[in-house]
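[1] Predicted coordinates and the sequence they were generated for:
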Amino acid sequence: MTPTLPVLFVPHGAPTFALRPGAAGAALVTMAHSLPRPRAIVIISAHWDTVTPTVGFADRPDTIHDFWGFPEVLYTLRYPATGCREAAQQVVTAIEAAGLPVQPDPQRGLDHGAWVPLRMMFPDADIPVIPLSIQSQGGPEAAYRLGQALAPLVAQGFLVIASGNITHNLRDFQKAGRNGGQTPAYVREFTDWMADRLTARDLAGLLDYRRQAPGAVQAHPTDEHLLPLYVALGAAGDPAEVQRFHAGIDDYVLAMDAYAFLPHA
């Protein structure tokens, strides 16, 4: 019997999350320890954005340090993941079967949206990792459809991990880094709205979040960091049991909420 795996939405925070994992990091570790061993991990990061869904086929995906101006020690960190061409081809086949365009990338590595949480959750790097891109120009609807294409893989023992943040305003993050201060009201308002709508399984409202959610444009001036959540929703199917296994705020403005979506058998 193939074990039933949840679909995960996890935060990757600022790159310094790798050095200061705190409560959010502990929650990710606890979740990882609770899981059966997956066949492979499909990781969807907000930091790999392409026009066409793209699947990484690298045998040894590099650790990409796609950030600037952070402590030097961060640039020494590595995640020695292995890929799996067979598993990557299964991802391509699933996306094709859903009628979506898809292309391979033979060299793509793991950006910090991927390796930071993976390094915490699976430090032994002994499970094949398959990166999959998002398409920000398609918005939540396209992300949800991409997730739906992955649903058959979940039933086959693949662990789908979508990595982003429930709130992500880079300007406010930089301002808080310079001046400190209080958490803006929109951070909690938006985070609470998302939790409520996810619990209610209000897909229509979630897809229309930019019009319906309080503080949506402040929480996400651009929405690439929220789109992985919609990939996770699509992959889990409807209905799915929703578990918010961490809630918290880092650096004043980054909501670090983490969700598990357990598909119904």
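    Received the coordinates, thanks. Numbers count the residues shown, from 1 in each chain.
[2] from the middle of its chain, how far away would stretch 31-47 be?
    From the chain centre to the centre of stretch 31-47 is a distance of 10 Å (Cα atoms, centre = their mean, to the nearest Å).
[3] end to end, how far does that stretch reach?
    23 Å (Cα to Cα, to the nearest Å).
[4] could you give me the average pLDDT of it?
    Across stretch 31-47, pLDDT averages out at 97.
[5] buried ones in it?
    Using 16 or more other Cβ atoms under 10 Å as the test for burial, stretch 31-47 gives Met31, Ala32, Pro38, Arg39, Ala40, Ile41, Val42, Ile43, Ile44, Ser45, Ala46, His47. Backbone N, C-alpha and C define where each C-beta goes, glycine included.
[6] Tell me where the model's unsure across this protein.
    1-2, 265 (pLDDT under 70).
[7] quick one, strands of it?
    7-11, 40-49, 54-56, 103-105, 129-134, 158-164, 240-246, 249-250, 254-255, 258-263 (DSSP state E).
[8] how about those strands, which one is nearest Gly180?
    Gly180 lies closest, by Cβ to Cβ, to one member of the strands of the chain: strand 249-250, at 13.2 Å.
[9] Centre-most residue in the protein?
    Ser163 (1.6 Å; Cα atoms, centre = their mean).
[10] and it, what is it in contact with?
    9-12, 43-46, 113-114, 116-117, 228 (Cβ atoms under 8 Å, 6 or more residues apart in numbering).
[11] Leaving out the residues flanking it, which one is nearest to Pro214?
    Excluding the flanking residues, the one nearest Pro214 by Cβ to Cβ, 6 or more residues apart in numbering is Glu189, at 4.4 Å.
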